[in-house]
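Undergrad: Give me coordinates for this.
(3 chains)
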Amino acid sequence: MAEFIDLVLLAMLAMLALTALRIIFLKDLFAVVMLFGIYSFLSALIFLNLDAVDVAFTEASVGAGISTVLMLVTLAMTGRKEKQSTHSSLLPLFVVLVTGAALIYGTLDMPPFGHPDNPVHQHVAPRYIEESPKEVGLPNMVTSVLASYRGFDTLGETVVVFSAVIGVLSLLGVRRKKKKDLESGLETHRVLHVVAKNIIPLVILFALYVQFHGDFGPGGGFQAGVIAAAAFILYALVLGLPKAFAVVGPRFLQWMAAAGVLLYASVGLYSMYKGGQFLDYNQLAADPIAGQHYGIIIIELGVGITVFAVMLNIFYAFGSQAERSNVQ
Amino acid sequence: MDFLDIVSSILLLAGVFFGLSGAVGLFRFPDFFTRIHAASVTDSIAAILIIGGLLLQTSFDLNTAKLVFILLFLLVTSPTASHALAKSARHGGLLTLAESSPQDKQESAK
Amino acid sequence: MTDILAAACIAILVVMAIALARAFKAPTVYDRVLGVNMFGTKTVLFIAASGFLMGRPDFLDIAIVYALINFIGMVAVLRFFEYTSPIE
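TA: Numbers count the residues shown, from 1 in each chain, chains lettered A, B, ... in the order given. Model (predicted):
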């Protein structure tokens, strides 16, 4: 079995390297975006084979899904051809080669791959593996580390995601159409309309499963938010932005994004009010384990709400710009 | 190897055969519309056979439900995607091999 | 049974590699999209089969995400084609 996994990993790394090389020599930016999608899918597969299921989940949904869509929207705004570079590329090549050589030289000092005596397996990992079933009691240890032991880091990440949407909105802004609705959406694709309308509820259901099953299997708030946003993005792509605005408007999404972060932080404040430290879930209920469970479910919900609102709002901002620039 | 395992192996291997033949068709067929035909038809049958083969390996539980969900999802989305892509290609002005007359052949074949 | 599953996994990997080759060198833009789409659907099957091979049925969740994202990417590409003329 180990040889099989090695073989699969080798094949995937080869495909990954080939894809990266092909991307360098392509001039058509649309083809580059397509290959970047494949690149993300392949990296997710590699994570999967290394047994990092939660990371693979995130990479597949964010890297291959949302980024590809956003890059396509950007291409629709800017154009498909790479600008011809005029100056020579010898110096950059030299810099890249030296940096690459230094990095490869650095890897020689790294501990052997997957060895049990590596520092990464000696530091905090044994404690998490031994104590987390007693302290947190969740079958999915990744969720316990992410949401409980590293709860403060995850709060920081959620704030980073929140500030991303502030950045995008202050640069682009979501423009609503003032005049009559222009032609928008894939009007001529009748089959796509019917299929998309029937698929979207299933996707949202799956997002909810990922959200609330994250304690037991792969997934959690981050992935669930992205999948739910993907469902709405599908709706906006097929039926047009104005109809999507009628379902969830950009203004409401801004409130949602803030509400998710506030929900997360308020759990921390409430645990302080109960006499513990910030984000000390043990205080949330009489039984510490039950308190941990409540805390993790609520903060995952906060993360899910924020990520959903932010991803969808970024897509709205990009999409409305693209429609505006292509109408004129 | 009991009966179910044998049936499951046959289904898996048949699915893999159709997948491979579709991949060959992706390169061997002369124009885009025949190629998308090769790819999408084999996509559906390969998905049915391979997931059917895996379904026989499960003991009726959550995994069965997930596999059925994947199968339904693929059976609905993959032909839709192929249809929409072919329609889009048609709309974009791509011609079949029979339609493209010899003088503008190099234009459409490119 | 493990041998059959492993053989199936490797064969699907070969199909993925062929689809990747089509995406690398495509006569038309649509062929490239077709290659990418086929790569995606075959990846879904690969994940499902390898999950059974390694005894990790939670891989199936990832397979669902792949199928979903593949479809949405496809729709995004079609929408993109409405904006620009794909054949130059």
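
Undergrad: Which positions within whatever helix or strand A:Q321 lives in qualify as buried?
TA: A:Q321 is part of helix A:288-327, with elements assigned from DSSP states H and E. Using 16 or more other C-beta atoms under 10 Å in any protein chain shown as the test for burial, helix A:288-327 gives A:288-289, A:291-293, A:295-323. Glycine gets a C-beta too; all of them are placed from N, C-alpha and C.

Undergrad: So which residues of chain C form helices?
TA: C:2-24, C:29-53, C:59-83 (DSSP state H).

Undergrad: can you put those in JSON lines and add mean pLDDT, mean neighbour count and distance to chain B?
TA: Converted to JSON lines, those look like this (pLDDT from 0 to 100; neighbours: other C-beta atoms under 10 Å in any protein chain shown; distance: least, C-beta to the nearest C-beta, whole Å):
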{"stretch": "helix C:2-24", "mean pLDDT": "90", "mean neighbour count": "20", "distance to chain B": "4"}
{"stretch": "helix C:29-53", "mean pLDDT": "90", "mean neighbour count": "26", "distance to chain B": "4"}
{"stretch": "helix C:59-83", "mean pLDDT": "88", "mean neighbour count": "25", "distance to chain B": "4"}
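
Undergrad: Relative to chain A, which of the ones you listed is closest?
TA: Among the helices of chain C, helix C:59-83 comes nearest to chain A, with 3.9 Å by C-beta to the nearest C-beta.

Undergrad: Can you check what angle separates the closest one from helix A:288-327?
TA: Helix C:59-83 and helix A:288-327 are oriented at 20 degrees to each other (axes from the mean of the first three to the mean of the last three C-alpha atoms, to 10 degrees).

Undergrad: Report whether helix C:59-83 contacts chain A.
TA: Yes: between helix C:59-83 and chain A, judged by C-beta under 8 Å from any C-beta of the partner chain, the touching residues are C:59, C:61-62, C:64-66, C:68-69, C:71-73, C:75-80, C:82-83.

Undergrad: chain center to the helix holding A:Q321: distance?
TA: The chain centre lies 10 Å from the centre of helix A:288-327; the measure is C-alpha atoms, centre = their mean, to the nearest Å.

Undergrad: Could you report the distance from the residue nearest the centre of chain B to chain C?
TA: In chain B, the C-alpha nearest the mean C-alpha coordinate belongs to B:D43, at 1.5 Å (C-alpha atoms, centre = their mean). To chain C, B:D43 is 5 Å away according to C-beta to the nearest C-beta, to the nearest Å.

Undergrad: can you tell me the helix or strand for that residue?
TA: helix B:32-55.

Undergrad: buried ones in that helix?
TA: Quick answer for helix B:32-55 (16+ other C-beta under 10 Å): B:32-33, B:35-36, B:38-55.

Undergrad: which residue is nearest the centroid of chain C?
TA: Taking C-alpha atoms, centre = their mean, chain C has its central residue at C:G40, 1.5 Å away.

Undergrad: Settle this for me: A:Q292 is touching A:L279, isn't it.
TA: No: the criterion here is C-beta atoms under 8 Å, and A:Q292 misses it with A:L279 at 10.9 Å.

Undergrad: close enough to count as contact, C:V29 and A:V33?
TA: No: applying C-beta under 8 Å as the test, C:V29 and A:V33 come out as separate, 11.5 Å apart.

Undergrad: which residues do those two both contact?
TA: Taking C-beta atoms under 8 Å, 6 or more residues apart in numbering or on different chains as the criterion, C:V29 and A:V33 do not both touch any residue.

Undergrad: for the residue lying closest to A:T19 once chain neighbours are set aside, what are its contacts?
TA: Leaving aside its chain neighbours, A:T19 sits nearest to A:Y39 (5.0 Å; criterion: C-beta to C-beta, 6 or more residues apart in numbering or on different chains). Neighbouring residues of A:Y39 by C-beta under 8 Å, 6+ apart: A:16, A:19-20, A:23.

Undergrad: thinking again about what came up before, next up, the contacts around the residue nearest to the centre of chain C.
TA: A:41, C:66-67, C:69-70, C:73.

Undergrad: likewise B:F32?
TA: B:F32 neighbours (C-beta under 8 Å, 6+ apart): B:89, B:94, C:27-28, C:30-31, C:34.

Undergrad: which of these lies closest to A:S170?
TA: Relative to A:S170, the closest of the contacts of B:F32 is C:Y30; by C-beta to C-beta it sits at 38.1 Å.

Undergrad: any idea how far the closest one lies from A:N313?
TA: Distance from C:Y30 to A:N313, counting by C-beta to C-beta, to the nearest Å: 32 Å.

Undergrad: in chain B, what residue is nearest chain A?
TA: For chain B, C-beta to the nearest C-beta, closest residue to chain A: B:T80, 4.5 Å.

Undergrad: And for that residue, the neighbour number?
TA: Look at B:T80: counted by other C-beta atoms under 10 Å in any protein chain shown, it has 21 neighbours.

Undergrad: If you drop the residues flanking it in sequence, what lies closest to it?
TA: Using C-beta to C-beta, 6+ apart, the nearest residue to B:T80 is A:V195, at 4.5 Å.

Undergrad: check contacts around that neighbour.
TA: Taking C-beta under 8 Å, 6+ apart, we find A:V195 in contact with B:76-77, B:80.

Undergrad: What of C:A67?
TA: B:70, B:73-74, B:77, C:40-41, C:44 are the contacts of C:A67 under C-beta under 8 Å, 6+ apart.

Undergrad: And the lowest mean pLDDT element among the helices and strands of chain B?
TA: helix B:105-109 (a mean of 50; mean pLDDT, DSSP states H and E).

Undergrad: What does A:K81 show for phi and psi?
TA: Here is the backbone geometry of A:K81 (degrees, to the nearest 10): phi -90, psi 140.

Undergrad: And for it, the neighbour number?
TA: Other residues within reach of A:K81, judged by other C-beta under 10 Å, total 11.

Undergrad: Then the one 10 residues further on?
TA: Other residues near A:L91 number 9, with proximity taken as other C-beta under 10 Å.

Undergrad: Please identify which helix or strand holds it.
TA: A:L91 belongs to helix A:90-107, assigned by DSSP H and E.

Undergrad: Please spell out which residues along stretch A:195-205 are buried.
TA: Neighbour-count burial for stretch A:195-205 flags A:195-196, A:199-200, A:202-204 (criterion: 16+ other C-beta under 10 Å).

Undergrad: Likewise for stretch A:268-284?
TA: A:268, A:270-271, A:276, A:279-284.

Undergrad: if you look at those residues, which of them are in helices?
TA: Cross-referencing those against helices under DSSP H gives A:268, A:270-271.

Undergrad: So A:G225 sits against A:L312, correct?
TA: No: with contact defined as C-beta under 8 Å, A:G225 does not reach A:L312; the gap is 9.1 Å.

Undergrad: just how off-centre is the longest helix seen in chain B within its chain?
TA: Taking DSSP H as the criterion, chain B has its longest helix at helix B:62-91. Centroid separation between helix B:62-91 and its chain, computed with C-alpha atoms, centre = their mean, is 10 Å.

Undergrad: Now do it against helix C:29-53: the angle between them, please.
TA: Going by the same axes, to 10 degrees, helix B:62-91 makes 170 degrees with helix C:29-53.

Undergrad: Now do helix B:62-91 and helix B:32-55, the angle between them.
TA: Using the same axes, to 10 degrees, helix B:62-91 lies at 180 degrees relative to helix B:32-55.

Undergrad: how near is the nearest residue to A:L45 once chain neighbours are set aside to chain B?
TA: In space, and not counting its chain neighbours, A:L45 is closest to A:M12: 5.6 Å by C-beta to C-beta, 6+ apart. Separation of A:M12 from chain B (C-beta to the nearest C-beta) stands at 17 Å.

Undergrad: my guess is A:M12 meets A:L42, correct?
TA: Yes: in terms of C-beta under 8 Å, A:M12 counts as a neighbour of A:L42; the distance is 5.7 Å.
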